[in-house]
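J.: Structure of the sequence below:
(one chain, ligands or ions: 2)
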Amino acid sequence: MLAARLAEFSPDLVVSAGFMRILGREVLQENTVINTHPALLPAFPGAHAVRDALDYGVKVTGATVHFVDEGVDTGPVIEQAVVRVEEGDDVATLHERIKTVERRMLVDVVGRLARHGWTLNDRQVKLGGAPSRDVTEENR
Ligand SMILES: Nc1nc2c(c(=O)[nH]1)N[C@@H](CN(C=O)c1ccc(C(=O)N[C@@H](CCC(=O)O)C(=O)O)cc1)CN2
Ligand SMILES: NCC(=O)N[C@@H]1O[C@H](COP(=O)([O-])[O-])[C@@H](O)[C@H]1O
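T.: Ligands and ions are numbered 1, 2, ... in the order given. Prediction:
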């Protein structure tokens, strides 16, 4: 039982990155969970975001770090980073480029959450601190 296993560590924050199981109420009621998703939510939720973005023909996609709620990819957005779709991209090439950006963003977000905390009003997340340059540069 994941909830019980997590309780043994009393984590301040649980990070889901590539964790492909839907978390249930028993985990979410006891833990603050964030997730990284390889699309600009609310676009392309679910388990096949990169494929779905390519199939749709978007020119830009990206990655989202969000709080996890009982919905699927519906939690409040913490940070996003944009990635252009390039000529000749397939799922593998596009996903690798997204992963490069999302890993940097995830490290930045976890650091800011830990150091500066956050506020949540309705769906608006305000993180303390400022995004690191390499996250914001990608968004230019
Ligand atoms: N309660 C939540 N749990 C999780 C979330 C979330 O937003 N809410 N995010 C996921 C990770 N995730 C997207 O970032 C995600 C993972 C898996 C699926 C999904 O539909 N899985 C299907 C299998 C799909 C397939 O393999 O074809 C399933 O579990 O039946 C959607 C989104 C972490 N957990
Ligand atoms: N919907 C969940 C989802 O698609 N998660 C994605 O799985 C990849 C894991 O990469 P990795 O195995 O190389 O860390 C990441 O791109 C993450 O956003």
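J.: Poorly predicted segments of this structure, please.
T.: Residue ranges of the chain with pLDDT under 70: 134-140.
J.: Tell me the residues of the protein that contact ligand 1?
T.: Proximity of the chain to ligand 1, by Cβ under 6 Å from any ligand atom, involves residues 16, 19-23, 35, 37, 46-47, 68, 70, 72-73, 75. No exception for glycine: its C-beta is placed from N, CA and C like everyone else's.
J.: now with 8 Å?
T.: Listed as neighbours of ligand 1 in the chain under the rule Cβ under 8 Å from any ligand atom: 16, 18-24, 28, 33, 35-38, 45-49, 66, 68-75.
J.: Distance check, the residue in the chain that ligand 2 sits nearest to against G88.
T.: Residue of the chain nearest ligand 2, by Cβ to the nearest ligand atom: G18 (2.9 Å). According to Cβ to Cβ, to the nearest Å, G18 stands 25 Å off from G88.
J.: higher neighbour count, these two?
T.: Of the pair G18 and G88, G18 is the one with more neighbours under other Cβ atoms under 10 Å, namely 9 against 6.
J.: In terms of helices and strands, where is the residue lying closest to that one once chain neighbours are set aside?
T.: Nearest non-adjacent residue to G18, counting by Cβ to Cβ, 6 or more residues apart in numbering: T36, 7.9 Å away. Per DSSP states H and E, T36 falls inside strand 33-37.
J.: try L6
T.: Per DSSP H and E: helix 2-7 holds L6.
J.: on contacts alone, who are the packing partners of that helix?
T.: Contact analysis of helix 2-7 by 3 or more Cβ pairs under 8 Å, 6 or more residues apart in numbering; DSSP states H and E lists helix 25-28 as its packing neighbours.
J.: all helices for this protein, in order.
T.: Secondary structure of the chain (DSSP state H): helices at 2-7, 25-28, 49-56, 91-116, 133-138.
J.: Just name whatever secondary elements the fourth one is in contact with.
T.: Right, the one you point to is helix 91-116. So helix 91-116, by 3+ Cβ pairs under 8 Å, 6+ apart, packs with strand 14-17, strand 33-37, helix 49-56, strand 60-67, strand 77-84, strand 124-127, helix 133-138.
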